[in-house]
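Peer 1: Quick one: sequence plus predicted model below, questions after.
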Amino acid sequence: MFHIPSALRRSLAVAGAAFVGLAATVALGSPASAHHPEVSGTATCVEGKWQVDWKVANSEQDLDGDLTGVRFSPDFQSDTVKVGAALPAFKGKDSVLRASQVLDAGVTSATLSVDAHWVRNGKDVNGTRSATVTVPERGCRTSKPSVTFTDDCAGQVTVVVSNGAEATKALRYTVWTEGGDEPVAKGTVEIGKSSEPIVVPPTSEEEPVKVIVKSGRTEIGAHEWTEPEGGCVPDIEIKPTCDELSITVTNPPNGLEFDLVFTPNTGEPQTMKVTKDSTNTVTFKAAEGLVVTPSVGEEDLEPIAWTKPDNCDEDTPTLPKTGVNAGALAGGAGGLLALGGAAFYLARRRKLRFTA
């Protein structure tokens, strides 16, 4: 029998203890290091272009995380896979974040990198993963024509007509509105090219415009105007305090732009320039009987009256209960809806929302 010398046994024992300690450290540390977002994507051809359907899932089944970094290449903005979005604990397909990115046929690959953050047992844990997807095999060139439609908050639809990269001849097209007697536009698109943007104005009626694109007698695209993502309607908050009446207008990223003039029954008027993706406020000093009349262009809207809040001191000016009261403001109803409706009607015949 072979006997290990005692000195060697002691060395092996020390080495073994060190190994066990290292293994324990790795075992204890592994749950934290395992935290990461699961990123994947699939590619499909779509009308001469290609689309990547991205999926972002949580590696953890018992702990929610959040996204701290998102990088699409080529650049792309998603409403779901974005910084600050919650990353739910994985419970199946319904807990997966999804985004669809459309790319030109000439783009050969797309990449998504995601940083995520968790708090496990009071400690911050971070993880990063990325995925790259390539254009489907043989590319996505097509001989078929395609049409893209883009809606704006003025009720217009912008049309772009594209001819297939493998078409055999130039494409002749006409753009119509439903029920129209004459085409809105017509032209020719060479092989593999696209038309200049064609803007179709809203109809004069309340109904949204419906656009039809034809090549000869063949319909190659149809679309009905819909409100752009993010909304079009500004939010208006009217807040009466003991000292002043403030009016705040928050316009969404796609909102219309216009000048809103506020004229008090005493004092100087104030003009608010309402621009896309902006928040603006005007204030008026509280006074008994104060009434402010908004207007857009030459159109006067529903007047706004200052109402004394219930918690004001006795010597604060008061207002007879004859105007719009705080309850109506808070509910966004009654006469205040006429204000919002009239303001937006001038541009797209829609209503504003009110909060207080």
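Peer 2: In hand now; what should we look at?
Peer 1: pretty sure Pro269 is touching Phe262, no?
Peer 2: Yes. Counting by C-beta atoms under 8 Å, Pro269 does reach Phe262; the two are 6.2 Å apart. (Each C-beta comes from the backbone N, C-alpha and C, glycine too.)
Peer 1: what about these two, which has more around it?
Peer 2: Higher neighbour count among Pro269 and Phe262: Phe262, with 19 against 13, using other C-beta atoms under 10 Å.
Peer 1: Point me to the helix or strand that includes that one.
Peer 2: strand 258-264 (DSSP states H and E).
Peer 1: Ok, Ala131 next?
Peer 2: Counting by DSSP H and E, Ala131 is found in strand 123-134.
Peer 1: Going by contacts, tell me the helices and strands next to that strand.
Peer 2: Helices and strands touching strand 123-134, as assessed by 3 or more C-beta pairs under 8 Å, 6 or more residues apart in numbering; DSSP states H and E, comprise strand 37-46, strand 65-73, strand 109-120.
Peer 1: Format those as CSV; extra columns: distance to Pro88.
Peer 2: Formatted as CSV, the helices and strands packed on strand 123-134 follow (distance: least, C-beta to C-beta, whole Å):
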stretch, distance to Pro88
strand 37-46, 12
strand 65-73, 8
strand 109-120, 11
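Peer 1: Identify the bridge partners of the closest residue to Val184 other than its chain neighbours.
Peer 2: Using C-beta to C-beta, 6 or more residues apart in numbering and skipping the chain neighbours, the partner closest in space to Val184 is Val175 (4.7 Å). Per DSSP bridges, the residues bridged to Val175 are Ala185, Val213.
Peer 1: where does the residue nearest to Asn251 when sequence neighbours are not counted land on pLDDT?
Peer 2: Leaving out its chain neighbours, the residue that sits closest to Asn251 by C-beta to C-beta, 6+ apart is Pro234, at 4.6 Å. Here the pLDDT value assigned to Pro234 is 87.
Peer 1: Ala170: which of the helices and strands packed on strand 123-134 is closest?
Peer 2: strand 37-46 (23.0 Å; C-beta to C-beta).
Peer 1: just checking, next helix/strand downstream of that closest one?
Peer 2: Moving toward the C-terminus from strand 37-46, the next element (DSSP H and E) is strand 49-58.
Peer 1: Outside of that next one itself, list whatever touches it.
Peer 2: The contact list for strand 49-58 (C-beta atoms under 8 Å, 6 or more residues apart in numbering) reads 37-45, 64-65, 67, 78, 81, 87-90, 95-105, 107, 110, 112, 114, 116, 131, 133, 135-136, 140, 146.
Peer 1: of these, buried ones?
Peer 2: The neighbour count (16 or more other C-beta atoms under 10 Å) marks 37-39, 41, 43, 45, 65, 67, 78, 81, 87-88, 90, 96-97, 99, 101, 103, 105, 107, 110, 112, 114, 116, 131, 133, 135, 140, 146 as buried among the contacts of strand 49-58.
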